[in-house]
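**Q** pasting the sequence and the predicted model now:
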Amino acid sequence: MEAITRYGVTPRWSDLVVHRGIAYFVEVPDDPSVSPTEQFVQLFRQVDERLAQAGSSKERMLQVLIYLPFPEDLVLFNTIWEAWVPLGHAPSRACVHVPLAAPGYRAELVITAACEE
């Protein structure tokens, strides 16, 4: 049976799950009280840190599901996204307008990335 490695395990979720060379995780901004710009920058910094924890990087992202509660944030989000994702390494991506469970959050990301086992 293949090993499943979990990091940051709580009764409700794990911060990161790695199985068969694939990392799975979800990120929300650490501080939902800051502006949308600051939240998006913060969010991408957190993703970089989580990818590094998994032995991965932005260049190895496979898919990103983006949840935005405010559709008017899409242009700003895309501007910051395009500066963050290395040219030629964009993952498969979907962006959905949906209310988030916790108020204040301007985005939630579901990430799948290739990583070291």
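**A** Arrived safely. Computed from a predicted structure; not experimentally measured.

**Q** please, where are all the helices along the chain?
**A** 36-53, 74-84 (DSSP state H).

**Q** can I get these in JSON lines with mean pLDDT, mean neighbour count and distance to Val17?
**A** For every residue, glycine as well, the C-beta is placed using N, CA and C. Formatted as JSON lines, the helices of the chain follow (pLDDT from 0 to 100; neighbours: other Cβ atoms under 10 Å; distance: least, Cβ to Cβ, whole Å):
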{"stretch": "helix 36-53", "mean pLDDT": "98", "mean neighbour count": "17", "distance to Val17": "11"}
{"stretch": "helix 74-84", "mean pLDDT": "98", "mean neighbour count": "14", "distance to Val17": "23"}
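
**Q** can you list these in TSV and add distance to Arg106?
**A** Formatted as TSV, these follow (distance: least, Cβ to Cβ, whole Å):
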stretch	distance to Arg106
helix 36-53	5
helix 74-84	8
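
**Q** so for Ile22, which of those helices sits nearest?
**A** Nearest to Ile22, of all those, is helix 36-53, at 12.2 Å by Cβ to Cβ.

**Q** now do the closest one against helix 74-84, angle only.
**A** Interaxial angle of helix 36-53 relative to helix 74-84 (axes from the mean of the first three to the mean of the last three Cα atoms, to 10 degrees): 40 degrees.

**Q** same for helix 36-53, what does it pack against?
**A** Counting contacts by 3 or more Cβ pairs under 8 Å, 6 or more residues apart in numbering; DSSP states H and E, helix 36-53 is packed against strand 14-19, strand 22-27, helix 74-84, strand 108-114.
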